[in-house]
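What follows is a predicted protein model with its sequence.
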Amino acid sequence: MPPVGTLQTRGLRKSYGDVVAVEALDIDVAAGTVLGFLGPNGAGKTTVIRMLSTVLTPDAGSFTVAGIPHTHPDGVRRHLGVLPESAGYPNGQTGEEWLTFHGRLFGRSRPDARSVARRLLDRVGLAEQGRSRIATYSRGMRQRLGIARALVNDPAVVFLDEPTLGLDPSGQLQILELVARIAREQGVTVLLSTHLLAEVEQVCDRVLILNHGQVVADGTVAEVVRRAASARRGVVEVAPRLRDRALELLKAEQLDVAAAGDDRHGQIQLTVSGGTPVDRAATVALTCLLRADIPVLGFSIEGGRLSDAFLAVTGGGTDG
Amino acid sequence: MAEPRTSTESRSSTAWLVIAEQELRDLWLAGRGLLLMFAYSVLLSVTSYLVATNQALNFLERRESVTLTLQVAVAVSGLLVLLGSADAVSGERERGTLETLLLTPASRQSLVVGKGTAALSLWVVSIALSVPYLWFIGRGVGVVAEAVVSGFIVSGLLALFLSGLGLLISTVSSTNRVSLSVSLFVLLALYAPTQLASIGVAGTAGDVLLRLDPFTGGLDYLNKLLVGGHSAGQDIGVLIPTLVAAAVFPVAALATASRLTLLTRERS
């Protein structure tokens, strides 16, 4: 039996009529991993999450969650916490009532469920609003309540499907910090489906990119970026009055450089070709400038981020 | 990681109670149940007033008045149960709260049984509310106890039938509007034969229709018992469609519940 906290799928497939949503999906996630589950809209992320949470039945394939096979759906659900995409909430109930109700559905006694509800409300920053009706909650508060509900059964694996959807940047940051804290403090395996690629780079140990129902990239952020989006350009910024001298020095080092932007900015574009990594060329360039006492005011590498890798492996697909 | 606290079996056996309790709280404390009962009471008050102020009532007509009031109570309590059941699953689906419920270890059947139990509470309360009205109209005739007992049994059978029907429709309906529309249409279709009976339906087809309709059977049985003065067992055959429907539809609703889904094809 796999260790508790693992998630494993083999040949998972789901179609809606003639449309194949997920095709031959094989995933292995180790315990305690925070997995960024990425893909453009329609890639099949929610379908995968719904299959793994036993809400949808796969057409083919198998999976285990925390070592429980998909043939025991109630066992899978017992070890799983899920924040569904666009989850609805009962407006007439208070946050505490709702969490207590769900705690009891997971087999907790009423006092235990209430105690857990209060602890979780405190944990997600809703302790003061726990006895207010959910109708009065903002979208961010509802998302935090949904995360609390996903933790009501002390799950081994947590699926968070677009937890930051519709939130402002401040709300997004709060939710992602909460996710990171939960993963760190509880040691649960988290599968985080989101479009916030910059935040995924910070929070996730590993990313998996899905496109048209198939895995197109899998690994750590660095691995995925290296494989899918090797950087080809960098920009060095020096004082405008020193730009011409800097260009001469860099050209003398056999680097492919050119002035970038207008004369008011001292930007120099560095382009690499062949098999030369951009970071090696950048090291040469920066060393050269510093030796010549030309202060480097800024430096950036273009095309070396997760968003570049995402666009590369999904064919620029941002259809939602 | 915390270990599961109770066995799956014990969860399954109590999940429906947890769901029923929450549904009852939502129904009766959130105000919808009380509002429905207020409207029901107003309807019974108007009905009672109309029959009680009829100056031409004699002994037999008073029995008819009790029966008429009881039939209204039975029919409307059935309508309330149907409305409550028809909202049960499709309402959760429409509000986006169904998926969260499906993510718990509670079985689909527990969900449906819990919600059906809450819907049946509308029947219990509405029939209890009708007792004072029946007593007021039937006082001195000696028919009240018989009306209450027979009304409780017949309305109970119809409530079981209609809760099963409502849950069945709700489980397979993608929206609440569809579920409620179909349920009301079916109820009207069931109620129509009772009106055809009053104007006389000619022919074999009409007779078969009347004999097969659980609604007509139930109301006809009350009429024979209370107005006709028949014994309880004398016309039990009239109740057979009602009995069958009360047994079959809840079972069908449970069977359908095992395949309860979100009914969504959204891909993302």
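Structure's in. What do you need? None of these values were measured; they are calculated from a predicted model. Numbering: from 1, shown residues only, chains lettered A, B, ... in the order given.

Skipping adjacent residues, who's closest to the residue in the stretch 1-150 of chain B that chain A sits nearest to in space?
For the stretch 1-150 of chain B, the residue positioned closest to chain A under C-beta to the nearest C-beta is B:Gly96, at a distance of 2.5 Å. (Glycine included, C-beta is placed from N, CA and C.) Take B:Gly96 and drop its neighbours on the chain: the residue closest to it by C-beta to C-beta, 6 or more residues apart in numbering or on different chains is A:Gly88, 2.5 Å away.

Find me the pLDDT at the residue of the stretch 1-150 of chain B closest to chain A, would you?
On pLDDT, B:Gly96 comes in at 90.

before we move on, what about A:Ile268?
Note on A:Ile268: pLDDT of 87.

Now for B:Val112: which residues touch it?
Taking C-beta atoms under 8 Å, 6 or more residues apart in numbering or on different chains as the contact definition, B:Val112 lies against B:88-89, B:167, B:171, B:253-254, B:257, B:260.

Am I right that it is in a strand?
No. Counting by DSSP: H, G, I helix; E, B strand; the rest coil, B:Val112 is not found in a strand; it is helix.

looking at the contacts of B:Val112, which has the most residues close by?
In terms of neighbours by other C-beta atoms under 10 Å in any protein chain shown, those top out with B:Leu167 at 32 neighbours.

which SS state does A:Ile301 fall under?
Assignment for A:Ile301 (three-state DSSP): strand.

before we move on, what about A:Arg226?
Applying three-state DSSP: A:Arg226 is helix.

how many neighbours does it have?
Around A:Arg226 there are 15 residues (other C-beta under 10 Å).

Report the contact partners of it.
Residues near A:Arg226 by C-beta under 8 Å, 6+ apart: none.

where does it sit relative to B:Leu80, distance-wise?
Distance, A:Arg226 to B:Leu80, by C-beta to C-beta, to the nearest Å: 65 Å.

quick revisit: now the residue of the stretch 1-150 of chain B closest to chain A. Its backbone dihedrals?
Reported as degrees, to the nearest 10, the phi and psi values for B:Gly96 are phi 80, psi 10.

I'd like to know how many residues surround it.
Neighbours of B:Gly96 under the rule other C-beta under 10 Å: 15.

ok, now A:Pro277?
Neighbours around A:Pro277, by other C-beta under 10 Å: 14.

how about the helices in the chain?
Looking at chain A here, since you left the chain open. Remark: helices assigned in chain A by DSSP state H are A:45-52, A:73-78, A:95-105, A:110-123, A:139-150, A:169-186, A:197-203, A:221-228, A:243-252, A:278-291, A:306-313.

my bad, chain B
Secondary structure of chain B by DSSP H: the helices cover B:8-29, B:32-52, B:59-95, B:98-102, B:108-138, B:144-172, B:176-199, B:204-212, B:214-226, B:240-257.

related to what we said a few turns ago, contact partners for the residue nearest to B:Gly96?
Per C-beta under 8 Å, 6+ apart, neighbours of A:Gly88: B:95-97, B:100.

Among those, name the buried ones.
Neighbour counting over the contacts of A:Gly88 (16 or more other C-beta atoms under 10 Å in any protein chain shown) leaves B:97, B:100 as the buried ones.

Out of the contacts of A:Gly88, which comes closest to A:Val236?
B:Gly96 (51.0 Å; C-beta to C-beta).

before we move on, the earlier item: export the helices of chain B to a markdown table and append columns for distance to A:Tyr137.
Formatted as a markdown table, the helices of chain B follow (distance: least, C-beta to C-beta, whole Å):
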| stretch | distance to A:Tyr137 |
| --- | --- |
| helix B:8-29 | 17 |
| helix B:32-52 | 21 |
| helix B:59-95 | 15 |
| helix B:98-102 | 15 |
| helix B:108-138 | 24 |
| helix B:144-172 | 27 |
| helix B:176-199 | 23 |
| helix B:204-212 | 50 |
| helix B:214-226 | 44 |
| helix B:240-257 | 30 |
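
Of those helices, which shows the lowest average pLDDT?
The bottom spot among the helices of chain B, by mean pLDDT, belongs to helix B:204-212, with a mean of 75.

So which elements touch that helix?
In this structure, helix B:204-212 packs against helix B:176-199, helix B:214-226, with contacts taken as 3 or more C-beta pairs under 8 Å, 6 or more residues apart in numbering or on different chains; DSSP states H and E.

Quick check, the residue in chain A closest to chain B?
Using C-beta to the nearest C-beta, the single residue of chain A nearest to chain B is A:Gly88, 2.5 Å away.
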